[in-house]
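Chemist: Got a predicted structure plus its sequence, pasted below:
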Amino acid sequence: MYKVCLTVCSVLFCFGAMAQTNNFIPSSPAGSGGAINIAVSTLDEADGDSYFAEAEKTQRRGELNEAITLFGKAAFEYNSAGKYTSYGAALLKLSNVHLLLNHYNEAAQVILNVALKNYSRIGHRSGQMESYYQLGKVYYASNKLTESLWFYTQQGILARQIGNNSAYIDSMMGIVQVKIKKKEYSLALKDVSRAEVFAKANKVSQYNSQFKNTRSLIKEKVSIKK
């Protein structure tokens with residue numbers, strides 16, 4: 001019960017934080033269960049940095065519920081201090097920890113209802129692109145493949161517009177994973193080839209092992225199907 005309360009409070013906290021002005025200081029803790037106590041903000045970016053750093057350490061230790069709390073606090077501090085790029089980064093991290101805990105709805109809602117609105121408001125296209133990528137992963141993990149494919153495609157469109165070749169390859173390989181899950185093996189193999197050609201043309205070499213492993217996976221699945 002505590003685990004459920006904690007994750008729900010974290011998402012509700014984020015929604016509330018988005019609506020606050022930069023100098024708002026709440027008079028009572030967020031949430032009725034007391035899972036996240038962020039009653040007072042010093043409006044100091046350093047507090048956000050401290051929470052963020054501690055959240056990453058906590059996540060590496062595998063203490064994911066605590067990481068949710070800390071990333072939530074970091075997001076609040078950044079938003080209060082008007083550090084909206086850092087605010088978005090904390091929200092992306094928060095979503096990802098929810099994803100690691102298989103809290104798919106919470107992971108998606110943090111991005112859809114908070115992070116994307118934040119990045120859109122400040123005109124941060126890279127942040128929007130990263131948000132689309134995160135949603136692609138969330139919906140893939142929750143087996144909502146149509147939604148996953150759409151968000152990976154949106155990521156790829158933005159990646160091309162801002163000239164981020166690595167992100168464009170990520171989007172293509174995300175689409176490949178969706179097609180593999182849908183058992184569209186021939187289409188997936190064509191997309192791997194397209195991604196590989198693009199990578200070579202743009203001298204991006206870090207995906208070579210991924211291309212090779214994905215081809216092997218497709219061949220294995222085709223053999224099993226036959």
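Modeler: Okay, I see it. Numbering: from 1, shown residues only.

Chemist: Residue 128 against residue 157, yeah?
Modeler: No: Residue 128 is beyond contact range of residue 157, at 10.5 Å (criterion: CB atoms under 8 Å). All C-beta spots, glycine's among them, are computed from the backbone N, C-alpha and C.

Chemist: Settle it for me: which of these two has more neighbours?
Modeler: For residue 128 versus residue 157, the count of surrounding residues by other CB atoms under 10 Å is larger for residue 128: 21 against 12.

Chemist: residues touching the more buried one, list them.
Modeler: 116, 119, 120, 158 (CB atoms under 8 Å, 6 or more residues apart in numbering).

Chemist: OK, contacts around the closest residue in space to residue 142 that isn't next to it in sequence?
Modeler: For residue 142, ignoring the flanking residues on the chain, the nearest one in space by CB to CB, 6 or more residues apart in numbering is residue 104 at 3.9 Å. For residue 104, the contact set (CB under 8 Å, 6+ apart) comprises 98, 138, 139, 141, 142.

Chemist: where's residue 54 relative to residue 63, distance?
Modeler: In this view, residue 54 and residue 63 are 10 Å apart by CB to CB, to the nearest Å.

Chemist: between the contacts of residue 104, which is nearest residue 190?
Modeler: For those, the minimum distance to residue 190 (CB to CB) is 22.3 Å, reached by residue 139.

Chemist: what helix or strand does the residue positioned nearest the centre of the chain sit in?
Modeler: In the chain, the residue lying closest to the centroid (CA atoms, centre = their mean) is residue 134, at 3.3 Å. Here residue 134 is covered by helix 125-141, with elements defined by DSSP states H and E.

Chemist: Can you flag which of the contacts of residue 128 belong to strands?
Modeler: Among these, DSSP state E puts none in strands.

Chemist: which of these has the most neighbours?
Modeler: With neighbours taken as other CB under 10 Å, the top of the contacts of residue 128 is residue 119, carrying 24 neighbours.

Chemist: Tell me where this protein has helices.
Modeler: Listed in chain order, the helices of the chain (DSSP state H) span residues 2-18, 45-60, 64-80, 84-100, 104-110, 116-122, 125-141, 145-162, 165-181, 185-201, 208-225.

Chemist: deepest of those, which one?
Modeler: Comparing the helices of the chain by mean neighbour count (mean count of other CB atoms under 10 Å), helix 64-80 ranks first with a mean of 25.

Chemist: For that helix, enumerate the helices and strands it packs against.
Modeler: helix 2-18, helix 45-60, helix 84-100 (3 or more CB pairs under 8 Å, 6 or more residues apart in numbering; DSSP states H and E).
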